[in-house]
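[1] What follows is a predicted structure for the sequence shown.
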Amino acid sequence: MKLTTPQIQQLYTFTQKHYVDWYDVQTELVDHLANGIEFQLEGNPNLTFESALNTEFKKFGIMGFNDVIEEKTKALNKHYRLLVWKYFKDFFRLPKVILTFFLIWGYYNLLVFIEDRFWLLLITCFILLFFPIKFFYKQGKLIKFSKKETGKKWLFESTVIQLGGLSQIFNIGIYVSIILDLERRTLNTTTLIILSSFIVLFGLVLYISIYIVTPKLRKQMANQHPEYKFV
Amino acid sequence: MSNSKLYKGSLNTIILKLLNEHDKMYGYEITQKVKALTQGELNITEGALYPALHKLEAEGLLDVEVAKVDNRLRKYYKLTESGTKETVNKLEELAEYIKTMQTLMNPKLA
(Lines give C-alpha, C1' and ligand atoms only; values in the text may rest on other atoms or scores of the structure.)
Protein backbone atom coordinates (compact mmCIF):
# COMPACT_ATOMS: atom_id res chain seq x y z
CA MET A 1 0.00 0.00 0.00
CA LYS A 2 1.52 3.27 -1.15
CA LEU A 3 1.27 6.39 0.99
CA THR A 4 -0.78 9.29 -0.34
CA THR A 5 0.62 12.74 -1.12
CA PRO A 6 -1.03 14.30 2.01
CA GLN A 7 0.58 11.54 4.12
CA ILE A 8 3.98 12.32 2.60
CA GLN A 9 3.37 15.98 3.44
CA GLN A 10 2.49 14.88 6.97
CA LEU A 11 5.88 13.17 7.19
CA TYR A 12 7.63 16.39 6.15
CA THR A 13 5.75 18.20 8.94
CA PHE A 14 6.70 15.41 11.35
CA THR A 15 10.42 15.75 10.60
CA GLN A 16 10.12 19.53 10.95
CA LYS A 17 8.48 19.12 14.37
CA HIS A 18 11.45 16.96 15.31
CA TYR A 19 13.88 19.77 14.58
CA VAL A 20 14.81 18.87 11.00
CA ASP A 21 14.46 22.23 9.27
CA TRP A 22 16.44 21.43 6.15
CA TYR A 23 14.74 20.13 3.06
CA ASP A 24 17.77 18.14 1.85
CA VAL A 25 17.81 16.18 5.14
CA GLN A 26 14.01 15.93 5.38
CA THR A 27 13.76 14.37 1.90
CA GLU A 28 15.87 11.37 2.82
CA LEU A 29 14.18 10.88 6.20
CA VAL A 30 10.68 11.17 4.73
CA ASP A 31 11.42 8.51 2.12
CA HIS A 32 12.89 6.23 4.81
CA LEU A 33 9.90 6.66 7.12
CA ALA A 34 7.48 6.19 4.20
CA ASN A 35 9.16 2.94 3.13
CA GLY A 36 9.03 1.61 6.70
CA ILE A 37 5.39 2.60 7.15
CA GLU A 38 4.37 1.04 3.83
CA PHE A 39 6.13 -2.17 4.80
CA GLN A 40 4.28 -2.28 8.14
CA LEU A 41 0.92 -1.52 6.52
CA GLU A 42 1.41 -4.31 3.99
CA GLY A 43 1.93 -6.77 6.83
CA ASN A 44 -0.92 -5.41 8.92
CA PRO A 45 -3.51 -3.32 7.00
CA ASN A 46 -5.43 -2.59 10.22
CA LEU A 47 -2.54 -0.56 11.59
CA THR A 48 -3.01 3.22 11.60
CA PHE A 49 -0.61 5.52 9.79
CA GLU A 50 0.27 7.31 13.06
CA SER A 51 1.07 4.13 14.94
CA ALA A 52 3.27 2.84 12.08
CA LEU A 53 5.02 6.22 12.00
CA ASN A 54 5.76 6.07 15.74
CA THR A 55 7.25 2.59 15.36
CA GLU A 56 9.50 3.79 12.53
CA PHE A 57 10.58 6.90 14.41
CA LYS A 58 11.55 4.84 17.47
CA LYS A 59 14.06 2.98 15.29
CA PHE A 60 16.13 6.18 15.16
CA GLY A 61 16.82 5.77 18.89
CA ILE A 62 16.30 8.11 21.84
CA MET A 63 18.11 10.98 20.10
CA GLY A 64 15.59 10.89 17.23
CA PHE A 65 16.94 12.60 14.11
CA ASN A 66 19.59 14.57 16.05
CA ASP A 67 22.42 12.16 15.30
CA VAL A 68 21.57 12.18 11.61
CA ILE A 69 21.58 16.01 11.49
CA GLU A 70 24.77 16.30 13.50
CA GLU A 71 26.64 13.77 11.41
CA LYS A 72 25.27 15.17 8.15
CA THR A 73 26.50 18.66 9.14
CA LYS A 74 29.93 17.25 9.97
CA ALA A 75 30.02 15.33 6.69
CA LEU A 76 29.05 18.41 4.63
CA ASN A 77 31.69 20.53 6.37
CA LYS A 78 34.29 17.85 5.77
CA HIS A 79 33.34 17.59 2.10
CA TYR A 80 33.66 21.38 1.78
CA ARG A 81 37.08 21.46 3.47
CA LEU A 82 38.35 18.51 1.41
CA LEU A 83 37.44 20.40 -1.77
CA VAL A 84 39.17 23.57 -0.51
CA TRP A 85 42.26 21.50 0.31
CA LYS A 86 42.18 19.85 -3.13
CA TYR A 87 42.17 23.21 -4.95
CA PHE A 88 44.63 24.75 -2.48
CA LYS A 89 47.16 22.01 -3.31
CA ASP A 90 46.81 22.96 -6.99
CA PHE A 91 48.39 26.33 -6.15
CA PHE A 92 51.56 24.45 -5.20
CA ARG A 93 51.76 22.52 -8.46
CA LEU A 94 52.86 23.75 -11.85
CA PRO A 95 51.76 26.07 -13.41
CA LYS A 96 49.86 27.73 -10.51
CA VAL A 97 52.79 27.47 -8.10
CA ILE A 98 54.51 30.17 -10.19
CA LEU A 99 51.61 32.52 -9.46
CA THR A 100 51.69 31.64 -5.72
CA PHE A 101 55.40 32.43 -5.41
CA PHE A 102 55.05 35.49 -7.59
CA LEU A 103 52.35 36.86 -5.25
CA ILE A 104 54.43 36.14 -2.14
CA TRP A 105 57.48 37.72 -3.75
CA GLY A 106 55.43 40.74 -4.87
CA TYR A 107 53.90 41.31 -1.44
CA TYR A 108 57.29 40.86 0.23
CA ASN A 109 58.71 43.57 -2.02
CA LEU A 110 55.82 45.88 -1.18
CA LEU A 111 56.57 45.36 2.54
CA VAL A 112 60.24 46.08 1.96
CA PHE A 113 59.92 49.10 -0.29
CA ILE A 114 56.81 50.88 0.93
CA GLU A 115 57.77 53.30 3.64
CA ASP A 116 54.47 53.41 5.49
CA ARG A 117 53.95 49.69 6.08
CA PHE A 118 51.04 50.33 8.46
CA TRP A 119 48.75 51.54 5.67
CA LEU A 120 49.68 48.68 3.39
CA LEU A 121 48.84 46.13 6.10
CA LEU A 122 45.66 47.97 7.06
CA ILE A 123 44.40 48.06 3.45
CA THR A 124 45.31 44.38 3.01
CA CYS A 125 43.34 43.43 6.15
CA PHE A 126 40.43 45.55 4.94
CA ILE A 127 40.38 43.74 1.56
CA LEU A 128 40.59 40.33 3.25
CA LEU A 129 37.69 41.34 5.47
CA PHE A 130 35.59 42.99 2.75
CA PHE A 131 35.22 39.97 0.43
CA PRO A 132 34.02 37.48 3.09
CA ILE A 133 31.57 40.08 4.50
CA LYS A 134 30.23 40.76 1.00
CA PHE A 135 29.91 36.98 0.50
CA PHE A 136 28.10 36.41 3.85
CA TYR A 137 25.72 39.28 3.11
CA LYS A 138 24.88 38.00 -0.38
CA GLN A 139 24.48 34.41 0.84
CA GLY A 140 22.26 35.49 3.72
CA LYS A 141 20.01 37.36 1.28
CA LEU A 142 19.93 34.37 -1.09
CA ILE A 143 18.93 31.97 1.72
CA LYS A 144 16.17 34.33 2.89
CA PHE A 145 14.93 34.77 -0.69
CA SER A 146 14.95 31.02 -1.33
CA LYS A 147 13.05 30.34 1.92
CA LYS A 148 10.48 33.00 1.00
CA GLU A 149 10.00 31.78 -2.56
CA THR A 150 10.05 28.01 -2.02
CA GLY A 151 9.49 27.60 1.74
CA LYS A 152 12.61 25.42 1.83
CA LYS A 153 15.84 25.67 3.80
CA TRP A 154 18.90 23.68 2.78
CA LEU A 155 21.53 22.38 5.19
CA PHE A 156 23.90 22.49 2.25
CA GLU A 157 23.42 26.29 2.04
CA SER A 158 24.16 26.67 5.72
CA THR A 159 27.46 24.79 5.19
CA VAL A 160 28.35 27.09 2.30
CA ILE A 161 27.68 30.28 4.25
CA GLN A 162 30.00 29.07 7.00
CA LEU A 163 32.61 28.06 4.41
CA GLY A 164 32.50 24.52 5.78
CA GLY A 165 33.53 25.72 9.25
CA LEU A 166 36.50 27.67 7.84
CA SER A 167 34.82 31.01 8.54
CA GLN A 168 35.80 30.53 12.20
CA ILE A 169 39.51 30.23 11.40
CA PHE A 170 39.69 32.39 8.29
CA ASN A 171 38.47 35.57 9.86
CA ILE A 172 41.19 38.17 9.40
CA GLY A 173 39.67 40.14 12.30
CA ILE A 174 41.30 37.66 14.71
CA TYR A 175 44.75 38.41 13.31
CA VAL A 176 44.49 42.16 12.63
CA SER A 177 45.96 43.23 16.00
CA ILE A 178 48.92 40.83 15.61
CA ILE A 179 49.58 41.94 12.02
CA LEU A 180 49.38 45.64 12.83
CA ASP A 181 51.51 45.14 15.93
CA LEU A 182 54.25 43.69 13.73
CA GLU A 183 54.40 46.98 11.88
CA ARG A 184 55.75 48.73 15.00
CA ARG A 185 58.67 46.33 15.24
CA THR A 186 61.80 46.09 13.15
CA LEU A 187 61.26 43.05 10.99
CA ASN A 188 63.99 40.85 9.56
CA THR A 189 63.79 39.20 6.12
CA THR A 190 62.51 35.87 7.48
CA THR A 191 59.63 37.52 9.35
CA LEU A 192 58.72 39.55 6.26
CA ILE A 193 58.67 36.40 4.11
CA ILE A 194 56.50 34.61 6.71
CA LEU A 195 54.14 37.59 6.87
CA SER A 196 53.87 37.79 3.06
CA SER A 197 53.27 34.05 2.79
CA PHE A 198 50.57 34.19 5.49
CA ILE A 199 48.73 37.04 3.77
CA VAL A 200 48.91 35.47 0.31
CA LEU A 201 47.91 31.97 1.49
CA PHE A 202 45.10 33.45 3.58
CA GLY A 203 43.80 35.28 0.52
CA LEU A 204 44.13 32.13 -1.60
CA VAL A 205 42.02 30.04 0.81
CA LEU A 206 39.32 32.72 0.81
CA TYR A 207 39.40 32.97 -2.97
CA ILE A 208 39.19 29.19 -3.38
CA SER A 209 36.30 28.91 -0.87
CA ILE A 210 34.22 31.76 -2.22
CA TYR A 211 34.91 31.70 -5.94
CA ILE A 212 35.80 28.07 -6.71
CA VAL A 213 34.35 25.64 -4.14
CA THR A 214 31.03 27.39 -3.45
CA PRO A 215 29.90 27.61 -7.11
CA LYS A 216 31.17 24.08 -7.75
CA LEU A 217 29.13 22.70 -4.83
CA ARG A 218 26.04 24.60 -5.98
CA LYS A 219 26.37 23.03 -9.41
CA GLN A 220 26.86 19.61 -7.85
CA MET A 221 23.75 20.08 -5.68
CA ALA A 222 21.69 21.23 -8.68
CA ASN A 223 22.75 18.09 -10.56
CA GLN A 224 21.88 15.84 -7.63
CA HIS A 225 18.66 17.37 -6.36
CA PRO A 226 15.85 18.17 -8.83
CA GLU A 227 14.19 20.61 -6.39
CA TYR A 228 17.36 22.65 -5.94
CA LYS A 229 17.25 23.81 -9.55
CA PHE A 230 14.23 25.96 -8.75
CA VAL A 231 16.16 27.82 -6.09
CA MET B 1 23.60 -1.30 14.31
CA SER B 2 22.29 -3.91 16.68
CA ASN B 3 23.25 -7.48 17.57
CA SER B 4 26.87 -6.79 18.36
CA LYS B 5 29.35 -4.00 18.56
CA LEU B 6 31.65 -6.29 16.62
CA TYR B 7 29.82 -5.41 13.40
CA LYS B 8 30.13 -1.68 13.96
CA GLY B 9 33.62 -1.35 12.51
CA SER B 10 32.53 -3.16 9.36
CA LEU B 11 29.51 -0.99 8.54
CA ASN B 12 31.33 1.01 5.85
CA THR B 13 32.62 -2.18 4.24
CA ILE B 14 29.12 -3.68 4.23
CA ILE B 15 27.70 -0.55 2.54
CA LEU B 16 30.49 -0.40 -0.04
CA LYS B 17 30.17 -4.11 -0.82
CA LEU B 18 26.40 -3.85 -1.34
CA LEU B 19 26.78 -0.82 -3.59
CA ASN B 20 29.47 -2.63 -5.53
CA GLU B 21 26.96 -5.37 -6.33
CA HIS B 22 24.09 -3.01 -7.18
CA ASP B 23 24.11 -0.06 -9.50
CA LYS B 24 22.49 2.26 -6.95
CA MET B 25 20.66 1.84 -3.63
CA TYR B 26 18.73 3.99 -1.16
CA GLY B 27 18.99 3.92 2.62
CA TYR B 28 15.95 1.83 3.45
CA GLU B 29 16.84 -0.65 0.72
CA ILE B 30 20.29 -1.16 2.28
CA THR B 31 18.83 -1.95 5.72
CA GLN B 32 16.37 -4.44 4.19
CA LYS B 33 18.99 -6.05 1.98
CA VAL B 34 21.32 -6.65 4.93
CA LYS B 35 18.45 -8.07 6.97
CA ALA B 36 17.47 -10.42 4.13
CA LEU B 37 21.03 -11.55 3.35
CA THR B 38 21.78 -12.33 6.99
CA GLN B 39 18.29 -13.76 7.59
CA GLY B 40 17.61 -11.16 10.26
CA GLU B 41 20.88 -11.84 12.08
CA LEU B 42 22.21 -8.35 11.37
CA ASN B 43 20.11 -5.23 11.77
CA ILE B 44 21.60 -1.94 10.60
CA THR B 45 19.95 0.80 12.63
CA GLU B 46 18.88 4.02 10.98
CA GLY B 47 20.93 6.06 13.45
CA ALA B 48 24.11 4.32 12.27
CA LEU B 49 23.35 3.90 8.56
CA TYR B 50 22.75 7.52 7.53
CA PRO B 51 25.78 9.01 9.30
CA ALA B 52 27.90 6.31 7.64
CA LEU B 53 26.42 7.03 4.20
CA HIS B 54 26.91 10.78 4.62
CA LYS B 55 30.51 10.28 5.73
CA LEU B 56 31.30 8.08 2.74
CA GLU B 57 29.67 10.68 0.48
CA ALA B 58 31.77 13.46 2.05
CA GLU B 59 34.92 11.43 1.45
CA GLY B 60 34.04 11.24 -2.22
CA LEU B 61 33.47 7.47 -2.17
CA LEU B 62 29.77 7.74 -2.95
CA ASP B 63 27.85 9.76 -5.48
CA VAL B 64 24.27 10.86 -4.95
CA GLU B 65 21.25 11.12 -7.20
CA VAL B 66 17.79 12.28 -6.09
CA ALA B 67 14.89 11.01 -8.18
CA LYS B 68 11.13 11.22 -7.95
CA VAL B 69 9.63 7.82 -7.17
CA ASP B 70 5.83 7.58 -6.85
CA ASN B 71 4.85 10.74 -4.98
CA ARG B 72 8.10 11.40 -3.16
CA LEU B 73 11.79 12.06 -3.67
CA ARG B 74 14.32 9.29 -3.15
CA LYS B 75 18.04 9.69 -2.57
CA TYR B 76 20.13 7.03 -4.27
CA TYR B 77 23.76 6.28 -3.51
CA LYS B 78 26.24 4.78 -5.94
CA LEU B 79 29.97 4.16 -5.89
CA THR B 80 32.35 6.68 -7.40
CA GLU B 81 35.53 5.55 -9.10
CA SER B 82 37.52 5.99 -5.88
CA GLY B 83 34.67 4.26 -4.01
CA THR B 84 35.10 1.18 -6.21
CA LYS B 85 38.85 1.14 -5.49
CA GLU B 86 38.23 1.63 -1.77
CA THR B 87 35.77 -1.30 -1.75
CA VAL B 88 38.55 -3.62 -2.94
CA ASN B 89 40.88 -2.33 -0.19
CA LYS B 90 38.22 -2.60 2.52
CA LEU B 91 37.29 -6.15 1.50
CA GLU B 92 40.93 -7.19 1.54
CA GLU B 93 41.34 -5.62 4.99
CA LEU B 94 38.26 -7.42 6.26
CA ALA B 95 39.37 -10.78 4.84
CA GLU B 96 42.75 -10.32 6.52
CA TYR B 97 41.03 -9.45 9.80
CA ILE B 98 38.77 -12.54 9.62
CA LYS B 99 41.82 -14.73 8.90
CA THR B 100 43.70 -13.29 11.88
CA MET B 101 40.71 -13.77 14.17
CA GLN B 102 40.35 -17.37 13.00
CA THR B 103 44.01 -17.98 13.77
CA LEU B 104 43.54 -16.51 17.23
CA MET B 105 40.33 -18.36 17.99
CA ASN B 106 41.25 -21.65 16.39
CA PRO B 107 45.03 -22.05 16.34
CA LYS B 108 44.74 -25.74 15.47
CA LEU B 109 42.89 -25.03 12.21
CA ALA B 110 45.29 -22.34 11.11
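    Yes, it's here. Model, not experiment: these values are computed from the prediction.
[2] going forward, measure contacts and count neighbours with C-alpha atoms only.
    OK.
[3] Residues of chain A that sit close to chain B?
    Counting by CA under 8 Å from any CA of the partner chain, the residues of chain A lying close to chain B are A:4-5, A:8, A:27-28, A:31-32, A:35-36, A:59-61, A:65, A:67-68, A:71-72, A:75-76, A:78-79, A:82, A:223-226.
[4] Buried only: go through the residues you listed for me.
    A:8, A:27-28, A:31-32, A:35-36, A:60, A:65, A:67-68, A:71-72, A:75-76, A:78-79, A:82, A:224-225 (16 or more other CA atoms under 10 Å in any protein chain shown).
[5] Sort out for me which of the residues of chain A next to chain B are in helices.
    Of the positions in the residues of chain A next to chain B, A:5, A:8, A:27-28, A:31-32, A:35-36, A:67-68, A:71-72, A:75-76, A:78-79, A:82, A:223-224 sit in helices, assigned by DSSP state H.
[6] Okay, domains of chain A per the record?
    Under the assignment automatic domain parsing, the domains of chain A span A:5-63, A:67-230.
[7] tell me the mean pLDDT over the longest one?
    In other words, domain A:67-230. The average of the pLDDT scores along domain A:67-230 is 87.
[8] any idea which helix or strand carries the closest residue to A:I210 other than its chain neighbours?
    Among residues not flanking A:I210 along the chain, A:F135 sits closest, at 7.3 Å (CA to CA, 6 or more residues apart in numbering or on different chains). Per DSSP states H and E, A:F135 falls inside helix A:117-150.
[9] Show me what counts as buried in that helix.
    Of the residues in helix A:117-150, those buried (16+ other CA under 10 Å) are A:117-118, A:120-121, A:124-125, A:128-129, A:132, A:136, A:139, A:143, A:146.
[10] go on, stretch A:217-231?
    Buried-residue list, stretch A:217-231, by 16+ other CA under 10 Å: A:217-218, A:221, A:224-225, A:227-228.
[11] quick one: which of those residues is nearest to B:V64?
    Checking these against B:V64 by CA to CA gives A:Q224 as the nearest, at 6.1 Å.
[12] Skipping its backbone neighbours, what lies nearest that closest one in space?
    Sequence neighbours aside, B:E65 is the residue nearest to A:Q224 in space, at 4.8 Å (criterion: CA to CA, 6+ apart).
[13] residue farthest from the centroid of chain A?
    Distance from the C-alpha centroid of chain A, by CA atoms, centre = their mean, peaks at A:N46 (45.3 Å).
[14] Centre of the chain to the helix holding A:F135, how far?
    Here helix A:117-150 is found 14 Å from its chain centre; the criterion is CA atoms, centre = their mean, to the nearest Å.
[15] downstream neighbour of that helix in the secondary structure list?
    Toward the C-terminal end, the helix or strand that comes next after helix A:117-150 (DSSP H and E) is helix A:155-161.
[16] Show me where chain B has its strands.
    For chain B, strands defined by DSSP state E occupy the ranges B:25-26, B:62-69, B:72-79.
[17] Find the nearest non-adjacent residue to B:S82, please.
    Sequence neighbours aside, B:L61 is the residue nearest to B:S82 in space, at 5.7 Å (criterion: CA to CA, 6+ apart).
[18] ok, now B:K78?
    Once chain neighbours are set aside, the closest to B:K78 by CA to CA, 6+ apart is B:K24, at 4.6 Å.
[19] Just want to check the distance between A:F118 and A:R185.
    11 Å (CA to CA, to the nearest Å).
[20] Ok, A:D24 next?
    In this view, A:D24 and A:R185 are 51 Å apart by CA to CA.
[21] A:A75 now?
    As defined by CA to CA, A:A75 lies at a distance of 43 Å from A:R185.
[22] and if you look at B:K17?
    60 Å.
[23] Same question for B:L18.
    62 Å.
[24] same thing with A:L29?
    From A:L29 to A:R185 the distance is 58 Å (CA to CA).
[25] returning to that earlier point: neighbours of the residue nearest to B:K78, how many?
    Residues near B:K24, counting by other CA atoms under 10 Å in any protein chain shown, number 18.
[26] Just the closest of the buried residues of helix A:117-150 to chain B, please.
    Lowest distance from chain B to the buried residues of helix A:117-150 (CA to the nearest CA) belongs to A:S146, with 19.4 Å.
[27] wait, doesn't that closest one sit right on A:G140?
    No: with contacts counted by CA atoms under 8 Å, A:S146 stays clear of A:G140, the gap being 9.9 Å.
[28] Show residues contacting stretch A:36-43.
    Applying CA atoms under 8 Å, 6 or more residues apart in numbering or on different chains, the contact partners of stretch A:36-43 are A:1-3, A:47-49, A:52-53, A:56, B:28.
[29] quick one: what helix or strand has A:L11 in it?
    helix A:5-17.
[30] name the helices or strands packed onto that helix?
    In terms of contacts (3 or more CA pairs under 8 Å, 6 or more residues apart in numbering or on different chains; DSSP states H and E), helix A:5-17 is packed against helix A:23-43.
[31] again, only using 10 Å
    helix A:23-43, helix A:49-58, strand B:72-79 (3 or more CA pairs under 10 Å, 6 or more residues apart in numbering or on different chains; DSSP states H and E).
[32] Understood, closing this out.
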